[in-house]
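Asker: Take this sequence and fold it.
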Amino acid sequence: MFRTEERQPRTRLPFWRRLGWRLGASFLLLTALGILVSGLLQYRAQEQWVRQSLGSLLLNIARTGALLVDADLHQKALTKGRTDTQEYTEVWTQLRRIQEANQLADAVYTLSDIHGDQARFGVVSTPGREPRDFVPVGLPYHLAPEIRPILQQVLATGTPAYTGIYQSSSGTWMTAFAPVRDASLKPVAVLDVDFRADVYLAQLQAVKRRLYLHSLVAALLALGAGIVIARQITRPVNQLAAATRHVVEGNFAAPIQVSARDEIGLLGNVFHLMVDRLRVSHRSMVDVLVRALEAREGEPGSLRRLARASTALAEGLELSAGQREGLELGALLHDIGDIRTPEAVLRNPAPLTSADRLVIQAHPTAGVEVLEVVPLLTPALDVVGSHHERFDGSGYPHGLKAEGIPIAARIFAVVDALDAMTHDRPYRAARSLADALAEVKHEAGHQFDPKVVEVALAMSESRWTELLDLPGDKTTTGQPLVG
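Answerer: Below is the predicted model of the structure:
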């Protein structure tokens with residue numbers, strides 16, 4: 001309808017643009033990220049420590065076990081190449097003792113003839129005692145890529161070493177190697193101690209899952225705490241924003257309450273003082289305009305009478321504080337567009353010509369053009385631009401109809417008609433209040449909103465007499481005048 005509707009501020013932001021949600025999300029993100037990073041670092045450190053501890057344990061078993069293996073007997077067992085010899089049995093017994101003493105689930109064995117990615121089994125501590133239970137001497141063994149450099153290092157330096165966790169065709173493993181030396185301290189074989197790491201990795205995965213679960217719980221707690229903290233921060237900001245919206249809408253009467261004792265509270269106090277001064281300046285400006293308009297009309301007090309009667313009628317209807325403020329201001333300034341209307345047309349007691357009528361009908365649009373450039377006066381535009389619209393759509397300047405006419409303008413139209421009919425005009429004498437109300441009732445649904453008319457007719461004679469400053473006894477009748 002008017003450009004003021006385009007200027008109304010958005011009262012609710014999307015949740016992703018609200019400061020409270022941003023603070024809460026930031027608190028959640030930073031907390032969860034901090035917990036997750038800290039947990040992952042601890043997990044990595046714990047994983048590395050466990051792997052080093054496990055590797056060191058296997059290394060000690062391999063180093064100690066290699067000292068218990070008789071290299072000469074081992075060489076004889078390899079030379080004979082059978083599992084049923086005395087030499088093989090003695091070396092096998094030594095390896096079984098190593099396995100059982102350290103409670104190893106997998107066999108301990110020796111490797112020989114290590115070249116590239118191939119080696120051969122020497123003696124293997126399988127649990128059976130029958131020859132068919134033993135692993136054949138010299139059986140080829142394919143080395144996993146992860147263990148080849150470790151084996152070469154052990155053979156080259158004679159120093160025990162262990163691998164990281166690696167995958168092979170038989171599972172996931174960690175292995176320690178130690179050289180088996182002959183009397184001349186020459187490595188003749190390598191003792192292999194395996195540890196199946198599947199259980200260890202499963203436990204690490206369980207630790208990781210607990211870490212993620214704890215991070216999720218911490219994130220939810222952080223979200224709750226973040227929302228609470230964010231609300232504490234944003235509540236005074238929202239209160240200040242709400243007060244600002246009231247001022248933008250022209251409602252200076254709304255209280256400015258900021259429940260904070262910090263810098264935002266101080267800003268709220270300063271804003272309150274600013275609005276208070278703005279309210280005084282605004283009221284002074286309106287008073288100047290009202291006095292100028294009333295002086296031009298030659299009837300002091302008429303505009304304030306209309307404003308008082310309009311706000312009284314609005315009490316029986318559901319209007320917001322901003323709408324009541326706009327109604328009062330619009331009643332005071334409803335005919336400000338007449339400043340563009342020639343005096344000869346306004347004061348002419350004779351019937352209006354067609355040209356004069358067009359000039360008169362232009363004053364609502366002229367009033368909007370005057371006020372829309374003053375932001376503090378824009379709440380009056382609903383009344384200024386629409387108070388001559390009719391409920392049946394036959395009014396001017398836009399031919400608005402029914403609910404399309406702003407409620408403030410529909411209320412003022414009834415009051416303005418009652419005031420005009422009960423006071424003298426250059427072209428006719430005043431009518432009685434009863435006649436005026438009867439005319440309003442007759443025009444319900446045509447010129448006026450029936451709901452507004454119903455509320456107007458429900459008001460008592462004494463009330464209307466007081467509001468319209470009519471002569472006579474204002475306390476004679478307390479009942480509704482019509483209907």
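
Asker: For the stretch 51-200 of the chain, just list every one of the helices.
Answerer: 71-80, 86-101, 148-157, 198-248 (DSSP state H, counting those that start in this stretch).

Asker: Distance to residue 379 added to those, as JSON lines?
Answerer: For the C-beta atoms, the positions are set from N, CA and C on the backbone; glycine is no exception. Below are the helices of the stretch 51-200 of the chain laid out as JSON lines (distance: least, Cβ to Cβ, whole Å):
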{"stretch": "helix 71-80", "distance to residue 379": "104"}
{"stretch": "helix 86-101", "distance to residue 379": "93"}
{"stretch": "helix 148-157", "distance to residue 379": "84"}
{"stretch": "helix 198-248", "distance to residue 379": "10"}
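
Asker: among these, which is nearest residue 184?
Answerer: Of all the helices of the stretch 51-200 of the chain, helix 71-80 sits nearest to residue 184, with 9.5 Å by Cβ to Cβ.

Asker: show me what contacts residue 316?
Answerer: By Cβ atoms under 8 Å, 6 or more residues apart in numbering, the contact list for residue 316 reads 455, 458, 459.

Asker: isn't the last one right next to residue 313, touching?
Answerer: In other words, residue 459. Yes. Judged on Cβ atoms under 8 Å, residue 459 makes contact with residue 313 at a distance of 7.3 Å.

Asker: which residues are contacting stretch 99-106?
Answerer: Contact with stretch 99-106 is made by 61, 98, 107, 108, 125, 193, 194, 195, 196, as judged by Cβ under 8 Å, 6+ apart.

Asker: hmm, try it at 6 Å
Answerer: With Cβ atoms under 6 Å, 6 or more residues apart in numbering as the test, stretch 99-106 has contacts from 61, 108, 125, 194.

Asker: what's the span of that stretch from first residue to last?
Answerer: 8 Å (Cα to Cα, to the nearest Å).

Asker: ok, back up a step: check the contacts of stretch 99-106 and tell me the two furthest apart.
Answerer: Pairwise distances across the contacts of stretch 99-106 peak at 12.4 Å for 61 and 125 (criterion: Cβ to Cβ).

Asker: which intervals of the protein have sub-threshold pLDDT?
Answerer: Within the chain, the segments meeting pLDDT under 70 span 1-24, 27-28, 129-132, 248-265, 298, 346-349, 426-427, 472-483.

Asker: According to the record, where do the domains of it fall?
Answerer: Listed by automatic domain parsing, the domain ranges of the chain are 24-203, 298-467.

Asker: Could you single out the most deeply buried of those domains?
Answerer: domain 298-467 (a mean of 18; mean count of other Cβ atoms under 10 Å).

Asker: Going by residue numbers, what spans are strands in the stretch 301-450 of the chain?
Answerer: Counting by DSSP state E, counting those that start in this stretch, one finds no strands in the stretch 301-450 of the chain.

Asker: Could you measure from residue 159 over to residue 284?
Answerer: In this view, residue 159 and residue 284 are 97 Å apart by Cβ to Cβ, to the nearest Å.

Asker: Residue 84 now?
Answerer: The gap separating residue 84 from residue 284 is 121 Å, by Cβ to Cβ.

Asker: now residue 466
Answerer: Counting by Cβ to Cβ, the gap from residue 466 to residue 284 is 27 Å.

Asker: so what's residue 366 closest to, chain neighbours aside?
Answerer: Sequence neighbours aside, residue 337 is the residue nearest to residue 366 in space, at 3.5 Å (criterion: Cβ to Cβ, 6 or more residues apart in numbering).

Asker: Contacts only, for that neighbour.
Answerer: 363, 364, 366, 367.

Asker: With residue 281 instead?
Answerer: Contacts for residue 281 (Cβ under 6 Å, 6+ apart) come out as none.

Asker: now swap in residue 311 and tell me
Answerer: residue 328.

Asker: Tell me the spacing between it and residue 319.
Answerer: Residue 311 is 9 Å from residue 319, by Cβ to Cβ.

Asker: cool, residue 206 as well?
Answerer: Using Cβ to Cβ, residue 206 is found at 65 Å from residue 319.

Asker: and what of residue 90?
Answerer: Taking Cβ to Cβ, one finds residue 90 at 108 Å from residue 319.

Asker: For stretch 291-298, what is the distance to the chain centroid?
Answerer: Centre-to-centre, stretch 291-298 and its host chain are 53 Å apart (Cα atoms, centre = their mean, to the nearest Å).
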